[in-house]
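Peer 1: what's the 3D shape of this:
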Amino acid sequence: MKHPRQIRWIFSALVALALAAGACGTAPGSDSDSVVTTDLSEVLPDGLFEALENVANPPAAPTPAPTPAEAQPGEPMEALVPAQADTETETELSEEELLRLRDEAFVDFSRCIRDEGFPDFPDIDSSQIFDQASFLRAMQEAGVSFTQPGLASALQACASVFSELIALAPQQDTNAQQVEREENALAFSQCMRDQGVDDFPDPDFNQYPNTGFPGQGDGSGATSEIQAELRVCLPVIGGAEPNQAAAPAPETPTPSAPTAAPATQGATSTESATSTQVPAPRNDGVTMPSASYSAAERILRDTEELNTAEVVRRDLIDTEEFNGTLGFGDPEPLYTNTSGIVTGLLPEEGEVLDVGATLFEVNSYPVVLLRGERPMYRPFQSQMEDGPDVVQLEQALADMEIPGWEEMTVNENFTPVTEDVVQEWQNRLGVDETGIIDMGFVVFIEEPFRISSVNVAVGQQLGPQAAAFSITGQYQEIVSNIDPGDAEIVNELDDVQVELPDGRVSPGVVSEVARVAKRLPNAQTGGLADPTIEVIIILLDEEASARFDAAPVKWTITKEVTPDALVVPASALIATVNGGFAVEVVVDGSTTLVPVEVGTFVDAFVEITDGDLEAGDLVRIP
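Peer 2: Okay, here's the model as predicted:
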């Protein structure tokens, strides 16, 4: 039985997909449904999961080197001698040694995480870890919560413990894999010929290195002629046996029909009333459906037509997603310039303090926050030299409306009136009314702040240069470092949607986009990472994120909106031999191939800009 040579372009897309599937696999026992979707590849070193897979399932021995060929007249000798392996490679470890190295690496990993500030981090059972999914499952079973603030940074800081394992793990023999792919492709071609496709070609790996077959196809033309054969032979691409159960059953002639030679699939018979000629492919790459089909084709077609989608009109919104870290920004030290013994009133971590609040107590005297941008650098008392710090103190006392402030002139002169107002303020604080403010017992701040950490304890001797506290801004923000090429789609005041660690989505707004790219430290290599642009985002719903700090988040920004677009699923598109696209429109149980022009692709959908298609039509999803 003969088929048009156009066949090779019809099935090539299916072949390429099948080859890719055959080269990949799932580790035995994996069950991703029970694993939290968390991408650890961003915090753990490159090559780790490949190394774990190769340690758990050591690859086959490398393919033997080819035998030297016999010399031909005039042929250089060096072209006949196979390349020799490097004899100075590192000594290979045994399987037992590799497993022990893996187990030791995970023990060191857990110990490192505990040292990074997670004292309850458990030891991870590494015996069942062979990829990212099993890594996540093992951590879940050990009780690790990925929403813990700061855990991602700790994982990244401890990633270096796996460097020796990655370096010494066996590598897959890519030559053996390619040989296996070529053998499977040859067997596939032979299977197709055995099924009656007599002129089915062998793969050509010189012209098509990846698969041996052309990398384009249209799914139209004479596809129905070899559907059954493809279903039988595609498993061979992955190394399996042909699926003989998919082979079409031969049709039995009706008793009234004259005796005739058996017909193969796709052949026509003028002797039978139930047989109809299959139309030949059209030159424009579009095939009109036949009036009827063989029994096997009709069953296959009816089954496939159940998977349809409706053509709709809607706004097509193109978005871009980025990673970020939700927190209160980088902590900064707070220097109070106070000397003495800490006697109490220490704030709690996470507490927000503003003007008029007591920061803490030293020598049983409160250290109070006042408004101002200039730090205190000398005591305040009568007959002190004039200066801008006096202006700042008087303005702060006036803002608090301390009794007597109306008679006080706000200037650089510490007058008796200023001294009286200070005494009134001391009376309000419940301390001795001396009119003198000793060094370090006022801390000037510009805005409220949040206590990130308390670095002193009650009873501790405090020196003037000690940073008693670390502080941050009072509001949460998302810090995201994006590729400079993406910076053009992000602008200040743009609206964004933020996915929080608990899965909730909260609105936000871009507050700042850096103008200059910076290279941040790379925790994995110890060097500098590629340049990035820093973007700051403010959440509009503070309560939604209040319980998170140093938590990884994802945020999405709208790039483009195509209003009132005619939309179909991208999976409904069929590439045609002339380089365009078509869709199969389903009407009354039969399909018609309709050429279309496409516009914007967004996620799994595409805009149809031209074609005999309208909202409400049904298209088949191949």
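Peer 1: Give me the mean pLDDT for stretch 324-332.
Peer 2: Averaging pLDDT along stretch 324-332 gives 87.
Peer 1: Next: stretch 544-560.
Peer 2: Averaging pLDDT along stretch 544-560 gives 83.
Peer 1: what does stretch 583-597 give?
Peer 2: Stretch 583-597 comes out at a mean pLDDT of 87.
Peer 1: Which positions in that stretch come out as buried?
Peer 2: Of the residues in stretch 583-597, V583, E584, V585, V586, T591, L593, V594, P595, V596 count as buried by neighbour count, 16 or more other C-beta atoms under 10 Å. Every residue, glycine included, has its C-beta placed from N, CA and C.
Peer 1: just checking, the first one touches A575?
Peer 2: Spelled out, that is V583. No - using C-beta atoms under 8 Å as the test, V583 is too far from A575 to be in contact (11.2 Å).
Peer 1: burial of P58, as a residue count?
Peer 2: Close neighbours of P58, defined as other C-beta atoms under 10 Å, add up to 14.
Peer 1: Leaving out the residues flanking it, which one is nearest to it?
Peer 2: If the residues on either side of it in the chain are set aside, P58 comes closest to P170, at 5.6 Å by C-beta to C-beta, 6 or more residues apart in numbering.
Peer 1: Please name the strands paired to the helix or strand hosting P333 in the sheet, noting orientation.
Peer 2: Per DSSP states H and E, P333 falls inside strand 332-335. Strand 332-335 sits in its sheet next to strand 467-472 (antiparallel), going by DSSP bridges.
Peer 1: So what touches the partner strand?
Peer 2: Under the criterion C-beta atoms under 8 Å, 6 or more residues apart in numbering, residues 327-336, 338, 342, 347, 359-360, 449-456, 462 lie in contact with strand 467-472.
Peer 1: switch the cut-off to 10 Å
Peer 2: Applying C-beta atoms under 10 Å, 6 or more residues apart in numbering, the contact partners of strand 467-472 are 327-336, 338, 342, 346-347, 349-350, 352-353, 359-360, 362, 367, 443, 445, 448-456, 460, 462, 549.
Peer 1: what's the closest of the buried residues of stretch 583-597 to P531?
Peer 2: Comparing the buried residues of stretch 583-597 against P531 with C-beta to C-beta picks out V596 as the nearest, at 41.2 Å.
Peer 1: show me the residues around that closest one that make contact.
Peer 2: 566, 568, 572-574, 576, 580-583, 585, 606, 608-613, 619.
Peer 1: Helix, strand, or coil at it?
Peer 2: strand (DSSP: H, G, I helix; E, B strand; the rest coil).
Peer 1: Likewise for P563?
Peer 2: strand.
Peer 1: that older thread, tabulate the buried residues of stretch 583-597 (JSON lines), appending distance to P403.
Peer 2: Shown next, in JSON lines, are the buried residues of stretch 583-597 (distance: C-beta to C-beta, whole Å):
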{"residue": "V583", "distance to P403": "82"}
{"residue": "E584", "distance to P403": "86"}
{"residue": "V585", "distance to P403": "85"}
{"residue": "V586", "distance to P403": "85"}
{"residue": "T591", "distance to P403": "89"}
{"residue": "L593", "distance to P403": "89"}
{"residue": "V594", "distance to P403": "86"}
{"residue": "P595", "distance to P403": "87"}
{"residue": "V596", "distance to P403": "81"}
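Peer 1: quick one: which two of those are the most distant?
Peer 2: Farthest apart among the buried residues of stretch 583-597 by C-beta to C-beta are V586 and P595. That separation is 16.3 Å.
Peer 1: which neighbours do V583 and A575 share?
Peer 2: The contact sets of V583 and A575 do not overlap (C-beta under 10 Å, 6+ apart).
Peer 1: Buried among the contacts of V596? Need that as a selection in ChimeraX.
Peer 2: In ChimeraX syntax, the buried subset of the contacts of V596 is picked out as below (16+ other C-beta under 10 Å):
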select :566,568,572,573,574,576,580,581,582,583,585,606,608,611,613,619
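Peer 1: pull the helix or strand with minimum mean pLDDT from this structure.
Peer 2: Counting by mean pLDDT, DSSP states H and E, the chain has its least confident helix or strand at helix 295-304, which shows a mean of 36.
Peer 1: Mind checking what helix or strand follows that one in sequence?
Peer 2: Counting by DSSP H and E, what follows helix 295-304 is strand 308-310.
Peer 1: Which other helices and strands does that next one contact?
Peer 2: The contact analysis (3 or more C-beta pairs under 10 Å, 6 or more residues apart in numbering; DSSP states H and E) places strand 308-310 against strand 551-569, strand 581-587, strand 618-620.
Peer 1: so what secondary structure elements neighbour the helix or strand just after it?
Peer 2: Next helix or strand after strand 308-310 toward the C-terminus (DSSP H and E): strand 312-327. Contacts defined by 3+ C-beta pairs under 10 Å, 6+ apart place strand 312-327 against strand 477-482, strand 495-499, strand 505-513, strand 533-539, strand 551-569, strand 590-602, strand 605-611.
Peer 1: Let's see that with 8 Å instead.
Peer 2: Contacts defined by 3 or more C-beta pairs under 8 Å, 6 or more residues apart in numbering; DSSP states H and E place strand 312-327 against strand 477-482, strand 533-539, strand 551-569, strand 590-602.
Peer 1: Please identify which of the ones you listed is closest to V311.
Peer 2: With C-beta to C-beta, the closest approach to V311 among the helices and strands packed on strand 312-327 belongs to strand 551-569: 5.4 Å.
Peer 1: The closest one vs strand 605-611, what angle?
Peer 2: For strand 551-569 against strand 605-611, the angle between stretch directions is 30 degrees (axes from the mean of the first three to the mean of the last three C-alpha atoms, to 10 degrees).
Peer 1: List of residues touching stretch 511-521?
Peer 2: Identification of contacts with stretch 511-521 by C-beta under 8 Å, 6+ apart yields 477, 481, 484, 487, 490-493, 527-538.
Peer 1: try 10 Å this time
Peer 2: Residues outside stretch 511-521 that contact it (C-beta under 10 Å, 6+ apart) are 475, 477-479, 481-484, 487, 490-494, 527-538.
Peer 1: For the helices and strands packed on strand 312-327, could you give me JSON lines that also reports distance to D204?
Peer 2: Putting the helices and strands packed on strand 312-327 into JSON lines (distance: least, C-beta to C-beta, whole Å) gives the following:
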{"stretch": "strand 477-482", "distance to D204": "43"}
{"stretch": "strand 533-539", "distance to D204": "46"}
{"stretch": "strand 551-569", "distance to D204": "34"}
{"stretch": "strand 590-602", "distance to D204": "29"}
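Peer 1: which residues does V606 bridge with?
Peer 2: Counting by DSSP bridges, V606 is bridged to V568, F601.
Peer 1: right, and it touches L573 too?
Peer 2: Yes - using C-beta atoms under 10 Å, V606 is in contact with L573, at 6.6 Å.
Peer 1: Between those two, which contacts overlap?
Peer 2: Listed contacts common to V606 and L573 are F581, V583, V596, V598; contacts here mean C-beta under 10 Å, 6+ apart.
Peer 1: And those residues, which is closest to V390?
Peer 2: Taking C-beta to C-beta as the measure, V390 lies nearest V598 of those, at 72.3 Å.
Peer 1: Nearest residue to that closest one in space, please, no chain neighbours.
Peer 2: Counting by C-beta to C-beta, 6+ apart, the residue nearest V598 is V606, at 5.1 Å.
Peer 1: which residues touch that neighbour?
Peer 2: With contact set as C-beta under 10 Å, 6+ apart, V606 has these partners: 316, 565-573, 581, 583, 596, 598-600.
Peer 1: all strands of the stretch 301-450 of the chain, in order?
Peer 2: Along the stretch 301-450 of the chain, counting by DSSP state E, counting those that start in this stretch, strands occupy 308-310, 312-327, 332-335, 340-344, 352-353, 358-362, 365-371, 442-445, 449-454.
Peer 1: Would you mark the buried spots in the first one?
Peer 2: In this case it means strand 308-310. In strand 308-310, counting by 16+ other C-beta under 10 Å, buried: T308, A309.
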